[in-house]
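> give me the fold of what follows.
(chains A and B)
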Amino acid sequence: MEQLQAGSADVFFAVRKIALYDVVLFDKVKHPRYSVGESIIPHFGKYCEGGFHVIRNYSYKPMRVAGPGFFLVGDAAVFIDPIFSLGVVLAMFSASSTVWAIDRCFKHPDRIADSQALLTSYIARRLEVGRALALPRYGYGGDEAQMVTTAIQYEAALEQELMYVVSMMTTRSENFTALSRSRKGGMITSDKYRVLESIQF
Amino acid sequence: METTKQKVKEYILREFLPGEKPEALTDSTPLITGGILDSLSTLKLVSFIEEKFGIQVEAHEADVEHLDTLSSIAALVTAKS
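Below is the predicted model of the structure:
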C-alpha cells in the first residue's frame, strides 16, 4: 500500500478496508494530493483475496470499533439479535457517527486517536443499550452497565420511557429494568404500558 | 462567557430548533436530556464549538455533564480557552 504522509495514513487505510464502496473526499476537506470530489478508490481500492469471511456467532461485538487502520460500521461493529430489528438502527447510527469521525480525522490528522476514542465511546454506549434490551442473562454489572446508564442519559425523557416500555414487552426485561433502577436520577417509569389481563371479543 | 453562550445559542436555534422563539432557549434549558440534542447532534455541536472557539474537546468531555446546557457549554469553552 502506498505510504501517505504521517497523520492521515489511518484514515486512508480505513477507506481501503471498505473498498466495496466508492469514496470521494468531502467538501471543505483539503488534501495535498487529492481534489474534492475525486475518487480515491482507484488509488487504494482493490479486492484482497481472503479479506472477507463469515462469523457464525449468534451475537457478537468487537473489542473496539475503531483503531489504527480501521473503522467498523453496521454488522461489522456488532450483531445482537435479529428479532429486535436493531441492526438497521445501529447501522445508520454507526455509519453517521463514523462519517463524523472520519471528517474530523481529515480536518485534524494530528488527533486521529482522539477522534476514534470519542467515536468508540459513543458507539460502544449505544451498542450496550441494544445488548441490555435484547440479550437474556445480560450481565448488568461493571463497565458495561456504566456505559448503558451513561447512554440512557443521552436520550430524551420520552425516548427513555419508550425504551422502558419496549423492555417491558419482552421476557428479558430484567436487564433494562435493573439498569434503569440503578440510574442516577431515579428509575424510569411509564404510564404507557398496560398488561391486558384478558381480551374480550 | 455571554458571547459564547449567544453564539452557541444561535447555532442550536439554527441547526436543531428552526422556527423556535429565541427566548424559549434559556441558559438552563436541558439540551440533551430535554431531547433537543440527540447523540449525533451532540457530535455536530462538538465540531461547532471546536471550530468556532478554537478548542479541543476531549472524548471524556463530550458528555451530558459538559454539554447539557448553554451555561455548561460556555463553562467548558471558557475553561479550555
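> which parts of chain A sit against chain B?
Neighbours of chain B within chain A, by CB under 8 Å from any CB of the partner chain: A:93, A:96-97, A:100, A:103-104, A:111, A:114, A:117-118, A:121-122, A:126, A:150-151, A:153-159. The way it works is simple: take the backbone N, C-alpha and C, and place the C-beta from them, glycine included.
> among the residues you listed, which lie within helices?
Judged by DSSP state H, helices contain the following of those: A:93, A:96-97, A:100, A:103-104, A:114, A:117-118, A:121-122, A:126, A:150-151, A:153, A:157-159.
> quick one, which of those residues are buried?
Among those, those scoring as buried are A:93, A:97, A:100, A:103-104, A:114, A:117-118, A:121-122, A:126, A:150-151, A:153 (criterion: 16 or more other CB atoms under 10 Å in any protein chain shown).
> where does the spatially closest residue to B:His66 that is not a sequence neighbour fall, secondary structure wise?
Leaving aside its chain neighbours, B:His66 sits nearest to B:Leu76 (4.7 Å; criterion: CB to CB, 6 or more residues apart in numbering or on different chains). According to DSSP states H and E, B:Leu76 maps onto helix B:70-80.
> show the average pLDDT along that helix.
Averaging pLDDT along helix B:70-80 yields 95.
> tell me how far it lies from the chain's centre.
Computed by CA atoms, centre = their mean, to the nearest Å, the separation of helix B:70-80 from the middle of its chain amounts to 9 Å.
> equivalent analysis for stretch B:2-14, please.
8 Å.
> restrict that stretch to CA atoms and write it as PDB.
Output in PDB follows, covering the C-alpha atoms of stretch B:2-14 (Å, rounded to 0.1, in the frame of the first residue of the first chain):
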ATOM      1  CA  GLU B   2     -22.100  35.700  27.500                       C
ATOM      2  CA  THR B   3     -20.800  36.000  23.900                       C
ATOM      3  CA  THR B   4     -20.000  32.300  23.900                       C
ATOM      4  CA  LYS B   5     -23.500  31.500  25.100                       C
ATOM      5  CA  GLN B   6     -25.000  33.700  22.400                       C
ATOM      6  CA  LYS B   7     -23.000  32.100  19.600                       C
ATOM      7  CA  VAL B   8     -23.900  28.600  20.800                       C
ATOM      8  CA  LYS B   9     -27.500  29.500  21.200                       C
ATOM      9  CA  GLU B  10     -27.700  30.900  17.700                       C
ATOM     10  CA  TYR B  11     -26.100  27.700  16.400                       C
ATOM     11  CA  ILE B  12     -28.500  25.500  18.200                       C
ATOM     12  CA  LEU B  13     -31.600  27.500  17.200                       C
ATOM     13  CA  ARG B  14     -30.500  27.500  13.600                       C
END
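> in that stretch, what counts as buried?
Across stretch B:2-14, burial judged by 16+ other CB under 10 Å covers B:4-5, B:7-9, B:12-13.
> just stretch A:63-71 next, same as before
By neighbour count on 16+ other CB under 10 Å, the buried set for stretch A:63-71 is A:65-67, A:70-71.
> sec struct for the residue in chain B positioned nearest to chain A, please.
Closest approach between chain B and chain A, counting by CB to the nearest CB: B:Gly35, at 2.8 Å. Counting by DSSP: H, G, I helix; E, B strand; the rest coil, the backbone at B:Gly35 sits in coil.
> now for it, how many residues are close by?
For B:Gly35, the neighbour count with other CB atoms under 10 Å in any protein chain shown is 14.
> relative to A:Phe79, which of the buried residues of stretch A:63-71 is nearest.
A:Val65 (12.8 Å; CB to CB).
> that closest one contacts A:Tyr122, doesn't it?
No - taking contacts as CB atoms under 8 Å, A:Val65 lies outside contact range of A:Tyr122: 9.3 Å.
> ranges for the helices of the chain?
Let's take chain A. A:9-17, A:41-44, A:86-107, A:112-134, A:142-153, A:157-168, A:173-182.
> that answer is for a different chain, and I need it for chain B
B:2-16, B:39-53, B:64-67, B:70-80.
> can you give me the distance of the nearest residue to B:Ala24 once chain neighbours are set aside to A:Val148?
Counting by CB to CB, 6+ apart, B:Ala24 lies nearest to B:Leu17, which is 7.9 Å off, once chain neighbours are set aside. Going from B:Leu17 to A:Val148 by CB to CB, to the nearest Å gives 28 Å.
> understood, closing this out.
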